[in-house]
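Q: return a 3D structure for these sequence lines:
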Amino acid sequence: MPLKSKKVSLIFFVIATLLLVGLAPLVLTGWLLSDKSGRELRSAENRYQIQLVQEKARQIEIFGQKFSSVVGSLATGLELTNDPKVISSAQTERKLGALLRENPELLALYVKPANEDSLKVFRAELDDAEVETIADQAVKTIGKGKVKVGEPRSVTSGQFVMSFTSEVAIDGISAASIVAIASLRTVSQGIVCVGEAKEADLWKAGLPMVFVVDQAGETLFHPDSALTAARKPMGDLKIVQEWLESGLQIQSALVPFSATYDGKTSEMLGAYSTAHLAEGYDVGVIAMQDEGRALASVGEMRTQTWLISMAFAVLALIVGLIFARYLTSPLLRLVAAAKRIAAGDFSSRVETNNMTEIGTLGETFNVMTDKVEEQIAGLAKAAEENRELFVGTVKALAAAIDGKDKYTRGHSERVSRISVAIGKRMQMPADELEKLRISALLHDVGKIAVDDAILKKPSALTDEEFEIMKTHPMKGYKIMSQIPAMKDFLPGMVMHHEMVNGKGYPHGLTGDQIPLQAKIVSVADTFDAMTIDRPYSKGMELQPALERLRSFVGTRYASEVVEALVDACNAGEVANGIVRQMAAIRAAASEEESKSPVKLVA
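A: Here you go, the predicted structure:
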């Protein structure tokens with residue numbers, strides 16, 4: 001006895017697979033680290049934005065305090081003189097000039113006494129008319145004891161300016177108004193952080209944006225000067241809405257939100273802070289940035305993690321394929337053998353290999369296959385015997401029914417063959433042809449319950465007798481429907497006397513209501529009845545019989561069934577076999593029987 005080769009245990013392949021599981025911890029660790037980094041970066045970005053808006057708000061407040069202090073100090077100094085004449089004196093005019101020189105952002109100073117001519121000093125960026133216009137509007141908003149701030153406006157030089165106005169009261173009576181006109185260029189540049197940039201470019205590039213809005217939500221400062229000039233409303237941005245709804249009570253807050261620009265929605269990180277420019281005049285400093293761009297480094301970290309993981313995955317795949325091929329090849333052979341057995345090839349066997357577990361499985365599979373082959377062979381033999389017994393029983397039953405009348409002997413067998421020939425012409429599948437064959441053999445089984453006196457009557461049937469004869473389809477149904485295995489053969493048996501125009505029996509069905517099986521048996525039944533000799537008539541020849549059948553198309557029979565019979569006859573599929581059999585039966589029939597016309601009952 002030859003020595004068996006040493007088999008390798010499956011456990012070694014399991015260990016190799018477990019080693020590759022190290023890929024999962026790598027991916028998980030990388031993801032968790034990047035997620036943690038993302039949270040920390042988001043927190044840092046949040047702190048930065050809060051500090052940024054607070055710083056910018058402070059710059060605005062310093063700007064407001066500076067020029068509020070200028071006009072406030074000047075008004076206080078004039079009030080302390082307690083002399084209205086000083087207001088319009090040369091000394092005051094020199095003071096105005098000195099203040100203008102000391103403050104580069106100060107474009108003009110205007111003093112309007114109650115009863116004297118105005119004093120005004122201004123830089124070249126403004127002209128006399130602009131100073132007068134701005135001062136007149138500012139004076140109208142003056143309030144007692146308070147510095148009033150005017151709305152930003154554009155001047156001829158292209159820059160934006162803001163007015164600060166204060167009242168001079170001597171002995172409780174308003175003696176003059178002081179207006180300072182300050183340029184917003186420096187403070188604007190310090191707040192928006194970048195030079196001139198289009199709003200669309202900022203959104204497209206995902207760059208951070210810092211802008212300022214007033215209490216109506218309109219733009220005061222923005223990197224895009226066109227928005228500043230148009231005082232574009234920004235209230236559609238969620239972060240601006242949050243600031244407006246806060247009632248200016250919250251000094252600074254962080255607001256993550258979604259924003260849509262040019263049809264594209266982005267997740268944003270933003271913050272706002274309130275700047276008190278002057279008493280009663282507050283503005284909001286808004287900072288926001290695309291979250292994806294702000295956290296871009298996290299995305300890069302995750303990308304690197306995925307690339308490293310993919311590299312290890314490729315390595316694992318290569319190693320895994322090598323091991324899997326060695327491990328699964330015998331299993332694949334086993335699967336292929338199982339499929340061949342499932343397809344009916346019970347001679348298939350598998351070769352055992354040098355793996356203990358799979359080799360044992362293969363040997364067991366082969367033993368199982370031997371047993372299955374033996375059982376299937378026995379079942380096939382028994383099934384064939386049962387089928388032959390069933391078909392033989394059906395034929396015997398049909399022959400017994402046909403044998404009651406020597407003129408109809410072999411009728412059911414002939415109808416069965418004609419029906420199958422029609423079915424083949426109509427390209428029916430093999431299983432449907434078998435059902436059609438059995439159904440045709442049994443189509444007259446109900447006549448077993450019809451009185452022989454009516455069944456064998458050589459003369460015409462009375463109306464009462466014909467009504468009894470018409471019950472044979474339902475009688476056959478009652479007999480055969482008790483047998484579950486006969487359900488597929490019932491349509492041809494029960495409905496072979498239905499007509500497509502609805503005048504048939506037993507149900508009066510029409511057109512597509514009649515199953516194809518019944519339509520075929522009906523044509524085959526009538527064709528056989530027309531072409532055999534009866535006691536009362538001689539059978540028709542082939543072509544006249546076919547023409548006669550065609551004349552009933554649309555009333556009794558379906559056109560496609562009749563034409564299939566015609567094709568079968570023309571091809572010799574009926575004429576070469578069944579017609580010769582019918583001719584032999586006609587020759588053997590007695591010529592002495594009465595040929596009186598009766599109602600034709602197949």
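Q: next, Met428: secondary structure please.
A: Under the three-state scheme (DSSP: H, G, I helix; E, B strand; the rest coil), Met428 adopts coil.
Q: show me the contacts for it.
A: Contacts here follow Cβ atoms under 8 Å, 6 or more residues apart in numbering; on that basis Met428 touches 436, 516. C-betas here are computed from N, CA, C, even on glycine.
Q: tell me the confidence at it?
A: Note for Met428: predicted pLDDT of 92.
Q: now do the phi/psi pair for it.
A: For Met428, the backbone dihedrals are phi -70, psi 140 (criterion: degrees, to the nearest 10).
Q: what does Ala169 give?
A: According to degrees, to the nearest 10, Ala169 has phi -120, psi 130.
Q: so it makes contact with Ala175?
A: Yes. Counting by Cβ atoms under 8 Å, Ala169 does reach Ala175; the two are 6.4 Å apart.
Q: who's more crowded, these two?
A: Ala175 (22 against 15; other Cβ atoms under 10 Å).
Q: so the more buried one, which state does it fall into?
A: Secondary structure, three-state DSSP: Ala175 is strand.
Q: dump the residue contacts of it.
A: Taking Cβ under 8 Å, 6+ apart, we find Ala175 in contact with 78, 84, 87, 113-114, 168-169.
Q: now do it against Glu167, distance only.
A: 8 Å (Cβ to Cβ, to the nearest Å).
Q: now swap in Glu102 and tell me
A: In this view, Glu102 and Glu167 are 23 Å apart by Cβ to Cβ.
Q: would CSV of the contacts of Ala175 with secondary structure and distance to Lys36 be doable?
A: Formatted as CSV, the contacts of Ala175 follow (DSSP: H, G, I helix; E, B strand; the rest coil; distance: Cβ to Cβ, whole Å):
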residue, secondary structure, distance to Lys36
Leu78, helix, 63
Pro84, helix, 71
Ile87, helix, 67
Pro113, strand, 68
Ala114, coil, 69
Val168, strand, 62
Ala169, strand, 63
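Q: give me the PyMOL select line for those, limited to the buried ones.
A: Selection of the buried residues among these in PyMOL, burial being defined by 16 or more other Cβ atoms under 10 Å:
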select buried, resi 78+84+87+113+168
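Q: reformat the contacts of Ala175 as a markdown table; add pLDDT.
A: Shown next, in a markdown table, are these (pLDDT from 0 to 100):
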| residue | pLDDT |
| --- | --- |
| Leu78 | 86 |
| Pro84 | 82 |
| Ile87 | 84 |
| Pro113 | 88 |
| Ala114 | 78 |
| Val168 | 87 |
| Ala169 | 87 |
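Q: which residues of the stretch 351-500 of the chain fall in helices?
A: Assigned by DSSP state H, counting those that start in this stretch, the stretch 351-500 of the chain shows helices spanning 356-402, 411-425, 430-441, 452-455, 463-469, 472-480, 490-494.
Q: could you dump these to a markdown table with distance to Ala108?
A: Formatted as a markdown table, these follow (distance: least, Cβ to Cβ, whole Å):
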| stretch | distance to Ala108 |
| --- | --- |
| helix 356-402 | 98 |
| helix 411-425 | 109 |
| helix 430-441 | 105 |
| helix 452-455 | 130 |
| helix 463-469 | 123 |
| helix 472-480 | 114 |
| helix 490-494 | 108 |
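Q: worst average pLDDT in those helices?
A: Mean pLDDT is lowest for helix 356-402 out of the helices of the stretch 351-500 of the chain, coming in at a mean of 68.
Q: identify whichever of the helices of the stretch 351-500 of the chain lies nearest to Ser246.
A: Closest approach to Ser246 among the helices of the stretch 351-500 of the chain is made by helix 356-402 (72.0 Å; Cβ to Cβ).
Q: closest to Thr303 out of the helices of the stretch 351-500 of the chain?
A: That would be helix 356-402 among those, by Cβ to Cβ, at 42.2 Å.
Q: quick one, phi/psi of Ala259?
A: Ala259 has phi and psi values of phi -140, psi 140 when expressed as degrees, to the nearest 10.
Q: count the neighbours of it for me.
A: 17.
Q: and the residue nearest to it when sequence neighbours are not counted, what does it touch?
A: In this structure, Ala259 finds its nearest non-sequential neighbour in Met268, 5.0 Å apart by Cβ to Cβ, 6 or more residues apart in numbering. Neighbouring residues of Met268 by Cβ under 8 Å, 6+ apart: 239, 256-259, 288-291.
Q: could you turn the buried ones of these into a PyMOL selection?
A: The following PyMOL line selects those of those that are buried, judged by 16+ other Cβ under 10 Å:
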select buried, resi 239+257+259+288+289+290+291
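Q: helices - which of the contacts of Met268 land there?
A: 239, 291 (DSSP state H).
Q: with respect to Val155, which of the contacts of Met268 is nearest?
A: Nearest member of these to Val155, counting by Cβ to Cβ, is Met288, at 29.8 Å.
Q: in this structure that closest one contacts Leu269, no?
A: Yes. Counting by Cβ under 8 Å, Met288 touches Leu269, with 6.8 Å between them.
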